[in-house]
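> Would you be able to build a 3D model of this:
(chains A and B)
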Number of protein chains: 2
Amino acid sequence: MANITKKVSWSSRADESGLAGEATPLLNGSEQPRHSRQFYVVNSFFLYVSLQESLRGRPKEIPHNEKLLSLKYESLDYDNIENQLFLEEERRMSHMSFRCLEISRWIVCGLIGFLTGLIACGIDIVVEKLAGYKYEAVKENIEKYTEAGGLSISLVLWVVLNSAYVMVGSIIVAFFEPVAAGSGIPQIKCFLNGIKIPRVVRLKVRTTHILMDSLEQKDAPLKVKSTSLKRDFKIFEYFRRDTEKRDFVSAGAAAGVSAAFGAPVGGVLFSLEEGASFWNQMLTWRIFFASMISTFTLNFFLSIHHKKTGELSNPGLINFGTFDSETMAYNLYEVPLFIAMGAIGGLLGALFNFLNNCLTMFRIRYVHRPCLQVMEAMLVAAVTATVSFTMIYFCNDCQPLDKDHTEEYPLQLFCADGQYNSMATAFFNTPERSVRSLFHNQPGTYNPQTLGLFTLTYFFLACWTYGLAVSAGVFIPSLLIGAAWGRLCGILLGQLSSTGKIWADPGKYCSVLNLTVIMMEATGNVTYGFPIMLVLMTAKIVGDYFVEGLYDIHIKLQSVPFLHWEAPATSHWLTAREVMSSPVTCLNRIEKVGTIVDILSNTSTSHNGFPVVVQPAKLCGLILRSQLIVLLKHKVFVELARSRLTQRKLQLKDFRDAYPRFPPIQSIHVSQDERECMMDLTEFMNPTPYTVPQETSLPRVFKLFRALGLRHVVVVNDENKVVGLVTRKDLARYHMGKHGLEELQLAQT
Amino acid sequence: MANITKKVSWSSRADESGLAGEATPLLNGSEQPRHSRQFYVVNSFFLYVSLQESLRGRPKEIPHNEKLLSLKYESLDYDNIENQLFLEEERRMSHMSFRCLEISRWIVCGLIGFLTGLIACGIDIVVEKLAGYKYEAVKENIEKYTEAGGLSISLVLWVVLNSAYVMVGSIIVAFFEPVAAGSGIPQIKCFLNGIKIPRVVRLKVRTTHILMDSLEQKDAPLKVKSTSLKRDFKIFEYFRRDTEKRDFVSAGAAAGVSAAFGAPVGGVLFSLEEGASFWNQMLTWRIFFASMISTFTLNFFLSIHHKKTGELSNPGLINFGTFDSETMAYNLYEVPLFIAMGAIGGLLGALFNFLNNCLTMFRIRYVHRPCLQVMEAMLVAAVTATVSFTMIYFCNDCQPLDKDHTEEYPLQLFCADGQYNSMATAFFNTPERSVRSLFHNQPGTYNPQTLGLFTLTYFFLACWTYGLAVSAGVFIPSLLIGAAWGRLCGILLGQLSSTGKIWADPGKYCSVLNLTVIMMEATGNVTYGFPIMLVLMTAKIVGDYFVEGLYDIHIKLQSVPFLHWEAPATSHWLTAREVMSSPVTCLNRIEKVGTIVDILSNTSTSHNGFPVVVQPAKLCGLILRSQLIVLLKHKVFVELARSRLTQRKLQLKDFRDAYPRFPPIQSIHVSQDERECMMDLTEFMNPTPYTVPQETSLPRVFKLFRALGLRHVVVVNDENKVVGLVTRKDLARYHMGKHGLEELQLAQT
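Numbers count the residues shown, from 1 in each chain, chains lettered A, B, ... in the order given. Okay, here's the model as predicted:
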């Protein structure tokens, strides 16, 4: 009884918050009923702003921001709607057609892989050119003014160039494509989890991402999708549903990671980790195929670009070089050291996430206007350049310039001829090159003070950068921090330890630690051997003890109804009856058009799924808002069907044509006469929705929901009458909802 | 209507087959009611024999053997029974207890990894010693008689030693532990799929396996489980259920693969591929942990054994050495060659599987008596030795013996001094060493004729060996064939091609092809780079086009109700109504003890799950045979409860104590008075079993069943009345059942 009372008060509190009421008019916005596409673009942006505005409007709510659950995110439906139309189509299909479908899936995956590789290659080349231009210009300038004493001009040049690059990118993101901010990994993670982040897989967002990647230092796996592309091919129209789309997004994500790091297996593991609850063997193979094609394409075109056509051994964009297997030998007594390094790495990662968490909260509260966002981004760029410059300037760590040196832009500065400034190697370079030089330069290239200063500075800069309104990720920066820190450890241990031989190659420790901070994220690229795994495991365990993953923090701060792997451990006392939304708006199997239009137009509820019942309230199916809209659009009314016998029967194709951008209800005109007609939902509804009894425990509902990727679970009583509906939000609020803080904390085990 | 009629005829045909009737008396066997453990040992063996006997009895049925579906295999239940007892326990548990549980899981996984590593190490050492003894003895003998001309004595010695080793192993398997035959991979695959292969995870079977592995050349991932071990620890009693057991078996399988090949990631992928539909992130990490510990333990103890304590870089038991990254460079024009090699590899694999399939059918028909099995195994051993000897004898491929040669047993035979017989390198060695020498020996070590002959001979020998009544797998032999074939390709291409440089190192092609035939199996160890993946993909696609995987063939031939990833594509026209078993034996919520005993004792049905209903037939729960038996054993009757108010309430512990070897119903004595008592099932039944409406399509039921790892799905009508029950067998028969051959063929897409 206590539980039920609690529930009631929760529901009323949820209503008080009024978020739904504020947002829904925009969602169903009646301003531009015809230009639905443009409208959506503007709309999703307005939504974004209005969320922030609504948060700003109630400052007392803001500290609890991560405990909000946004009602704005729709779910994807990874369950097939097995209505009569679908079943008829499936039954008509021969074994051959299924085989063709399977082959088309392979073709699509191949295309995704190919395009990903191509785009990755393009980005790589553009980044090289842009970074090359920037560093060449600054270097020339520095060399010119080193003697003359006008180095402040060089500083200004560097600051200006850096800021200009960032400004262009930042303006695009802040004003046109807010979804493209960040590394894109949280968005893909949400999509695979089953949340419709508006426009995340659209070509335009992807383009922005790619453009941005070219402007900034490239970073983070590229996720290239071809949703918009697919619509041109008639044969692929069967794939117009969330399930197939999810599979292709998985393939795209894998291909992106694969291209970025030259690691097809890593790519597959990445996808696997994010979407593992909907897995099967054929899909794994397809995703693997996409990853392979993408790596291959990238290598092929890069080899052409580098004038070595046909040499394919180049492993991926971000190439850290190979280690000699000799130097990777390790011994038993190093194991505790590895563990200690892992623990420290984990702590550092936790600190990073904590700081970034605070910063993001601050940003959500105060830096919410696009112009402010652009200014912040430019400020960060300017500060980065200034700090780097100052460090390089005041650091007197000169190293001899070998004839086989690998530095692309060696800075002499105040060093003697034939020497270069070693701090500049770390700062005055694309992060990727810095990592490579940290791994492979000879022992003695860096002295400990330089490395320590660099690590410290870069740590805070990276922390400040992540979450800016630019398409920049955290993967490469964290690799860089890890590598610098690892090399530092190696040097220090080498000085302390008497067995100098082992520590003579500090590069080993880089490769060990480079992945520690990444583990704060969720990539599964762990194919480097035992010591790395050991360090990673330790870092992961230590980090998890203190703080969530960085991506999870950002997902939470955006109030996304993200479903984790399992329901909170102690949620067994909650049952479906307490969790479900109720009362539910049900439709009759043969329903009046007017009623349907009214229900769909009701902005205070804006439900997306409606149980279909036969009197008295017995469940006989489930129909989605999108389906009803297509039916209304095509005016599939019983009276019409009777009068015009030759009427074309509605096909599954009509639903697919509308996918995924179904028009809003306001754009559909229904006359007063038509309102009096009836609609027969029998052949369109899903006649066998998944149901649970009222007494089902929350973890059980959760398991069903998560394992099958559902959008709605109907709660029925013991006479099969509808008593409620469980959606994603009903389940997710026990993780990160604003109610029941105890559950929220327990959910993080 | 047609479907329904069809269904009826199917059911009746299923009854005619009479398999259930024959087997069930044994299953519930009343001979030895008290010694239930011994009884089960004998019993499962009898079952095994009786299956073969029953098949032999009807020779006209045998050609369709792979189209049978055995009723003897029970399912595992990967769904938690969320009855009141369970929920009460969960609700009593604090957050701390859940955390402790989680930690114990990690500890158990660590232990599994440790023991696996330890055992793997033991096997390795024993195998080295035994093989060493065998080859040393034969070698000495050969050298002694080469001049004297009495080589037939050497042949006899070899044959006898070989046969003796095999005989010991074979007798153990054939007479005592039939489950330990083969590589163990199909059994683990079935277990993770949810099929209870009797005793597959018992310590004794594992011991046999280990013993066998020591006697034969070791092979195939070691799967070490600690079920029997676990029962000693009180803290682990929470884990006494199928779900937890499955997780630990996954960890054990991963640890085994990891130890065998020194590839923790490969181990995780292997487990992942077999059990991926029940996956989550924490579990992945635990399994990874087990794999790491196992590799670490193995390396640590092996390093002690090799007197190099503390040097841990030794990667796993089966160490193929590392390739120089230089020689692994490849070029664009090699890609078509890789594909061609992959295709040929796939064809070879398909041929292998086809031949082995025929052979296995032959064995099931004729070689079913243990003594025959032992004789066949010995025959194979003798023939292998004879063929090897003949090949070595007649092959005049002499190679110079370098001073840094790696051959452990170089055979001079008729070669000049300082030379050795190159065929002997391949045959007169453990397969592992042969693979290594094929990979790494200098170009020119083998001439093409030698390799061709070797490949051909070994192909047929391996094909004959797999499926014998010994614990021998197909992994290493197929690696060996692949390596030899790859090296042969390399040599031939090198001769044909003008660009000799590239082909100069045929070892490259070994590493490419070595994994092709493995892909006929299901290991996911694909971390070797692009060419290998390409070849593997091609081989897999080509192979799959012709024939199923070898493990799948064996699973099918054993008539195991194995559920594949998806329902057959064209099965949408089948609904739950046609698939389900009906009528169902239901129990009332408060049921007479006599009725329950009678139902459980009914050997013609021997159901394992019973829907619990309230009148009129409304579903209110599901109870398992095992639960009823525990209830009967503890005499939890309503009348007793009333008379003795202080009666101890039945705890979840009582159910756990009985797990997993629940006594048969015959061992429980129920007096005539007690038969009149009533039992209240309310707090023991699962009150919220998963249900589907009658109209649900087969793929939908399948998806629910497979994704959640269920054992029973209750089919209800629109008034929530029980109309049927869907179990694993109802679903699996559309893949491999004897009815509906069309479905069966279509299922293999």
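> Any chance of the backbone angles for residue A:710?
phi -80, psi 170 (degrees, to the nearest 10).
> got the contact list for it?
A:77-79, A:690, A:704 (Cβ atoms under 8 Å, 6 or more residues apart in numbering or on different chains). Quick note: C-beta positions are derived from backbone N, CA and C, even for glycine.
> Okay, and which of those map to helices?
residue A:704 (DSSP state H).
> could you redo the contacts of residue A:710 as JSON lines and give each row neighbour count?
Formatted as JSON lines, these follow (neighbours: other Cβ atoms under 10 Å in any protein chain shown):
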{"residue": "A:77", "neighbour count": "21"}
{"residue": "A:78", "neighbour count": "22"}
{"residue": "A:79", "neighbour count": "22"}
{"residue": "A:690", "neighbour count": "22"}
{"residue": "A:704", "neighbour count": "20"}
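> filter the contacts of residue A:710 down to the ones near chain B?
For chain B, the contacts drawn from the contacts of residue A:710 by Cβ under 8 Å from any Cβ of the partner chain are A:690, A:704.
> Save the contacts of residue A:710 as TSV, and put in pLDDT too.
TSV is the format used below for these (pLDDT from 0 to 100):
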residue	pLDDT
A:77	79
A:78	79
A:79	80
A:690	91
A:704	88
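> between the contacts of residue A:710, which is nearest residue A:156?
residue A:78 (53.4 Å; Cβ to Cβ).
> residues near the nearest residue to the closest one once chain neighbours are set aside, how many?
Closest residue to residue A:78 apart from its sequence neighbours, by Cβ to Cβ, 6 or more residues apart in numbering or on different chains: residue A:709 at 2.8 Å. Residue A:709 has 22 neighbouring residues, counting by other Cβ atoms under 10 Å in any protein chain shown.
> What confidence value was assigned to residue A:709?
Note for residue A:709: predicted pLDDT of 82.
> For the strand or helix carrying residue A:610, which helices and strands make contact with it?
Here residue A:610, judged by DSSP states H and E, is contained in strand A:609-614. Contacts defined by 3 or more Cβ pairs under 8 Å, 6 or more residues apart in numbering or on different chains; DSSP states H and E place strand A:609-614 against strand A:587-588, strand A:618-624, helix A:625-633, strand A:722-727.
> Show me the one of these that comes nearest chain B.
strand A:618-624 (5.8 Å; Cβ to the nearest Cβ).
> and that closest one, what's its mean pLDDT?
Strand A:618-624 comes out at a mean pLDDT of 90.
> cool, stretch A:129-138 as well?
Averaging pLDDT along stretch A:129-138 gives 79.
> Which of the three states applies to residue A:661?
coil (DSSP: H, G, I helix; E, B strand; the rest coil).
> tally of neighbours for it?
Residue A:661: 10 neighbours (other Cβ under 10 Å).
> got it, and residue A:728?
25.
> how far away is it from residue A:189?
As judged by Cβ to Cβ, to the nearest Å, residue A:728 and residue A:189 stand 15 Å apart.
> go on, residue A:99?
33 Å.
> and what of residue A:607?
From residue A:607 to residue A:189 the distance is 26 Å (Cβ to Cβ).
> And those two? Which one has more around it.
residue A:189 (25 against 16).
> what about that one, helix or strand, and which?
helix A:185-193.
> quick check: mean pLDDT across the helix or strand just after that helix?
Sequence order places strand A:195-196 as the next helix or strand after helix A:185-193, per DSSP H and E. Per-residue pLDDT over strand A:195-196 has a mean of 76.
> ok, residues contacting strand A:195-196?
With Cβ under 8 Å, 6+ apart as the criterion, strand A:195-196 contacts A:73-76, A:560-562, A:728.
> Could you list the paired strands of it along with their orientation?
Each strand paired with strand A:195-196, and its direction, by DSSP bridges: strand A:74-75 (antiparallel).
> Now the strand it pairs with: average pLDDT?
Per-residue scores along strand A:74-75 average to 76.
> And for stretch A:582-602?
88.
> So what touches it?
By Cβ under 8 Å, 6+ apart, stretch A:582-602 touches A:28, A:605, A:607, A:610-615, A:617, A:620-621, A:623, A:625, A:628-629, A:632, A:637-638, A:665-666, A:670, A:674-682, A:685, A:715, A:722-725.
> And those residues, which of them are buried?
Burial by neighbour count, 16 or more other Cβ atoms under 10 Å in any protein chain shown: within these this picks out A:28, A:607, A:610-613, A:617, A:620-621, A:623, A:625, A:628-629, A:632, A:637, A:665, A:670, A:674, A:677-679, A:681, A:685, A:715, A:722-725.
> Distance check, residue A:489 against chain B.
19 Å (Cβ to the nearest Cβ, to the nearest Å).
> I meant residue A:288, not that one.
Distance from residue A:288 to chain B, by Cβ to the nearest Cβ: 7 Å.
> what does residue A:372 give?
From residue A:372 to chain B the distance is 37 Å (Cβ to the nearest Cβ).
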